[in-house]
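> make a model of this:
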Amino acid sequence: MSKKGKVLVAMSGGIDSTVVSLMLHHQGYEVIGITMKTWDYTGSGGSKKETGCCNVDSFNDARMAAVQHGFPHFILDIRDEFGNFVVNDFVDEYLAGRTPNPCVLCNTHIKWRALLKRADALDCEFIATGHYAKIRQHDNGRYVISRAVDPTKDQSYVLWGLGQDLMKRTILPLGDYHKSEIRQMAADYGYPELAKKSESYEICFVPDNNYRNFLKRKVAGLEERVAGGNFIDKHGNVLGKHKGYPFYTIGQRKGLDIALGRPVYVTFINPDDNTVMLGDEEDLEKNEMMVGKLNLIKYDSIIPGMGAVTKIRYKDPGTHSILTPEDDKVRVTFYENAKGIAPGQSAVFYEGDDVIGGGIIQSGRKI
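Got it, this is the predicted structure:
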């Protein structure tokens, strides 16, 4: 038994998770690698071959790295666990007129829980992944997620849903490194080809990156059921017909197939009457929103008037805001307007580099 302990490492076969497994192995941990199969592309109806986390070649790459360095590796089929929760939620959210974030749900409700369950079965004290973020224990005893050193790779935003029980057993080695350093490590470990391996940013169960076609395949008769709804302006005037409200997202400008003589954007979606509101870019700007389904990380409660930088999407730099708890939700008031607040997306609150917590956007407005 290693003095540093036994760790179960999620290995996708890509550069980041491979380097994590080898780094921990060389640091003296007893490493067990595990690769999770979340989705079967052959049943998705897409035109592309498997990519990313569901690629058979990636499974083989992960296993080969483990074999070459002398630690065990397993492939774990979690398609049933994944599909029932993540995919159904994805479909339900679009049918409710919202824009889901399936990767957040997958990370926090499926992958981490599946890892912890198998870690317990294998007597592993820790689990580790190739995410670019940091975890530490705060002075108040709570475990905190913080931004990675590399701002271009930071993934703290997608980890806001992790519970304290998960964080206290999680190791995130890449949070202290830049991507260029990880590429060099891969070469030093004898895997220079990993630095050239493409990284997938698609939703794993939407192989052609076309969520509209995916919805049509998953929901029988959807296209006919929602076709012919109205595009309207903010005054309720009909501007034209659309193809169905689930096929649009807040902030969308391209692919609207309507000519109004100026660029217009989707500003509101109403599933009850199948209308999609269009407006100017300034109509996307809001300075208040409600956030629900909260998970608090750094503190066990939010004090009224607490300041934070709030991110409303992964690539959003964040906007200074005031947090006000209201029952089981938080009202977020921005100092400056935030553009493109989309119900269903994640809102994450930061104090410096630390994640205070996060939740799901319920609504936004301009006050």
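> make it CA atoms for all contacts and neighbour counts henceforth
Will do.
> bridging residues for the closest residue to residue 313 other than its chain neighbours?
Leaving aside its chain neighbours, residue 313 sits nearest to residue 346 (6.6 Å; criterion: C-alpha to C-alpha, 6 or more residues apart in numbering). Beta bridges link residue 346 to residue 360 when assigned by DSSP bridges.
> let me see the contact set for residue 346.
Each residue near residue 346 by C-alpha atoms under 8 Å, 6 or more residues apart in numbering is listed here: 101, 312-313, 358-361.
> over to residue 143?
Here residue 143 is in contact with 135-137, 164, 167-168, 297-298 (C-alpha under 8 Å, 6+ apart).
> state the distance from the residue nearest to residue 313 to residue 161.
Distance of residue 346 to residue 161, given as C-alpha to C-alpha, to the nearest Å: 10 Å.
> list residues touching both of these two?
Applying C-alpha under 8 Å, 6+ apart, one finds that residue 346 and residue 161 are jointly contacted by 358-359.
> give me the pLDDT value at residue 53.
As predicted, residue 53 sits at a pLDDT of 51.
> could you pull out the strands for the stretch 251-367 of the chain?
Secondary structure of the stretch 251-367 of the chain, counting by DSSP state E, counting those that start in this stretch: strands at 265-270, 275-279, 285-296, 306-311, 319-326, 329-339, 346-351, 354-365.
> helices of the protein, start to end?
15-27, 56-69, 79-82, 88-95, 102-105, 112-121, 164-167, 179-188, 211-218, 222-226 (DSSP state H).
> just name the most buried of the ones you listed.
Ranked by mean neighbour count, these are led by helix 15-27 with a mean of 21 (mean count of other C-alpha atoms under 10 Å).
> how close does residue 226 sit to residue 94?
Distance, residue 226 to residue 94, by C-alpha to C-alpha: 12 Å.
> show me the common contact partners of the two, please.
Here residue 226 and residue 94 share the contacting residues residue 246, scored by C-alpha under 8 Å, 6+ apart.
> which residues touch the residue lying closest to residue 314 once chain neighbours are set aside?
With sequence-adjacent residues excluded and distances taken as C-alpha to C-alpha, 6+ apart, residue 314 is closest to residue 157, at 6.2 Å. Residue 157 makes contacts with 311, 314, 348, as judged by C-alpha under 8 Å, 6+ apart.
> the second one: neighbour count?
It stands for residue 314. 16 (other C-alpha atoms under 10 Å).
> phi first, then psi, for it.
Dihedral pair for residue 314: phi -60, psi -50, per degrees, to the nearest 10.
> which residues does the closest residue to residue 275 other than its chain neighbours bridge with?
Nearest residue to residue 275 in three dimensions, chain neighbours excluded: residue 230, at 5.0 Å (C-alpha to C-alpha, 6+ apart). Residue 230 has these beta-bridge partners by DSSP bridges: residue 241, residue 275.
> surely residue 230 is in contact with residue 256?
No. With contact defined as C-alpha atoms under 8 Å, residue 230 does not reach residue 256; the gap is 11.9 Å.
> of the two, who's got more company?
It is residue 230, of residue 230 and residue 256, that has more neighbours when counted by other C-alpha under 10 Å, with 21 against 17.
> show the pLDDT at that one.
Reported pLDDT for residue 230: 96.
> go on, residue 236?
95.
> without its sequence neighbours, what residue ends up closest to residue 292?
Residue 292's closest residue in space is residue 329 (C-alpha to C-alpha, 6+ apart), at 4.6 Å.
> tell me how many other residues crowd the one you found.
What residue 329 shows, counting by other C-alpha under 10 Å, is a neighbour count of 17.
> try residue 190
Residue 190 has 11 neighbours, counted by other C-alpha under 10 Å.
> show me the residues around it that make contact.
Residue 190 neighbours (C-alpha under 8 Å, 6+ apart): none.
> report the contact partners of the residue nearest to residue 275.
238-242, 274-276.
> same deal with residue 326?
Contact criterion C-alpha under 8 Å, 6+ apart gives no residues in contact with residue 326.
> surely the residue nearest to residue 292 touches residue 295?
No. Counting by C-alpha under 8 Å, residue 295 is not a contact partner of residue 329; they are 10.3 Å apart.
> ok, and the most crowded of the contacts of residue 230?
residue 276 leads these on contacts (other C-alpha under 10 Å) with 31 neighbours.
> how much space between that residue and residue 77?
Distance from residue 276 to residue 77, by C-alpha to C-alpha: 39 Å.
> residue 71: how many residues sit nearby?
By the criterion of other C-alpha under 10 Å, residue 71 has 16 neighbours.
> what's near enough to touch it?
30-33.
> can I get the buried part of these as one PyMOL selection?
The PyMOL command for the buried members of the contacts of residue 71 (criterion: 16 or more other C-alpha atoms under 10 Å) is given here:
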select buried, resi 30+31+32+33
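> outline the domain layout of the protein.
6-130+172-196, 220-279 (automatic domain parsing).
> turn the ones you listed into a markdown table, including distance to residue 152.
Output for the domains of the chain, formatted as a markdown table (distance: least, C-alpha to C-alpha, whole Å):
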| stretch | distance to residue 152 |
| --- | --- |
| domain 6-130+172-196 | 9 |
| domain 220-279 | 23 |
